[in-house]
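A.B. asks: Predicted coordinates and the sequence they were generated for:
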Amino acid sequence: MLEGKVAVVTGASRGIGRAIAVKLASMGAFVVINYNGSEERAREVKQEIEAENGTAAICQCDVSDYGQCETFIQNVIKEYGHIDILVNNAGVTRDGLLMKMTEEDFDRVVDTNLKGAFNTIRFASRQMLKQKSGRIINMSSVVGVTGNAGQANYAASKAGIIGLTKAAARELASRGITVNAIAPGFIETDMTSVLPEKVREASVAQIPLGGFGKPGQVAAAAAFLASEDAGYITGQVLHVDGGMVM
Ligand code: NAP
């Protein structure tokens, strides 16, 4: 499975990233659990992995900061020798209608969700090129494909992730590195727990399979894309959305 592999999962202290970290560890990978503010939650993820005889470390890094990402990735390589799987999952929302959206809210979302993925790929891909192997998985969203009123910043960042994924897939393919994106629909996490009941009901009505998805269902897709079995798949966007976009 993933024995001997080193996996970095950004934003793994909570939600989807947490589920991905736990899943990759259960398949035998050594997992670096990245977090920004939630140190205690990151420790809990490490404990959960170790309780199942998995191995993991936690590492603080604000992915929107280029310099911090350079140090973070270089430290991972120094400490653990290689990087085989990079999951760019860290993400934030700062919703608001365009007319009211502040420059700060636009920048915060794009800097974290899109530039954050560039920052880690920039440094991890150098190592993967040397290894002539690697798996990069970037978290997009259905909103990056369809757009969504009140989420211009978020939709732009998630559409950008798709372009970044395809460009990186083309650049890195000749060295055996695959780059894919996952586009989740509505998944039960802290991010969606703040949705008002009315919005929730209207959202569920748009989901052919009915109901919100679970973080584990996104983690299963990430685990597949990280596996040997996905070796001939690159530049793709895998929707995990209950059929919202088809
Ligand atoms: P979440 O529960 O709000 O968790 C977000 C995670 O991102 C946390 O672990 C957080 O870490 C981390 N993070 C935020 N800013 C960061 C930064 N600057 N540097 C490093 N880590 C940072 O979100 P989620 O719902 O699991 O979403 C995970 C990903 O899936 C995001 O990219 C999101 O856009 C995408 N997505 C989610 C849904 C959904 O319905 N939930 C749908 C489509 C796409 P700390 O708490 O440690 O700061």
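C.D. replies: Sure, I can see it.
A.B. asks: For the chain, what lies in contact range of the ligand?
C.D. replies: By CB under 6 Å from any ligand atom, the residues of the chain that approach the ligand are 10-11, 13-17, 34-38, 62-64, 89-92, 112-113, 139, 141, 184, 186-187, 189-192. In short, each C-beta sits where N, CA and C put it, glycine included.
A.B. asks: These in helices, which ones?
C.D. replies: Secondary structure defined by DSSP state H assigns 15, 16, 17, 190, 191, 192 of the residues of the chain next to the ligand to helices.
A.B. asks: What is the most widely separated pair among those?
C.D. replies: Across these, the longest distance by CB to CB is 14.4 Å; it joins 17 and 192.
A.B. asks: Counting neighbours, go ahead and name the busier of these two.
C.D. replies: When residue 17 and residue 192 are compared for neighbours, residue 17 comes out ahead with 29 against 18, by other CB atoms under 10 Å.
A.B. asks: these two touch, right, the more buried one and residue 89?
C.D. replies: Yes: between residue 17 and residue 89 a contact is recorded at 4.0 Å, counting by CB atoms under 8 Å.
A.B. asks: Skipping adjacent residues, who's closest to residue 11 in space?
C.D. replies: residue 90 (3.1 Å; CB to CB, 6 or more residues apart in numbering).
A.B. asks: Next up, phi/psi of that neighbour, please.
C.D. replies: Here is the backbone geometry of residue 90 (degrees, to the nearest 10): phi -50, psi 130.
A.B. asks: Let me know whether it touches residue 37 as I believe.
C.D. replies: No: counting by CB under 8 Å, residue 90 sits too far from residue 37 to count as a contact (11.0 Å).
A.B. asks: With neighbour numbers in mind, choose between those two.
C.D. replies: Neighbours of residue 90 and residue 37, each counted by other CB under 10 Å, are more numerous for residue 90; the result is 24 against 11.
A.B. asks: Rounded mean pLDDT for the helix or strand residue 180 falls within, please.
C.D. replies: When elements are assigned from DSSP states H and E, residue 180 belongs to strand 177-184. Averaging pLDDT along strand 177-184 gives 99.
A.B. asks: Next, work out how far apart residue 171 and residue 128 are.
C.D. replies: From residue 171 over to residue 128 the distance is 11 Å, taken as CB to CB, to the nearest Å.
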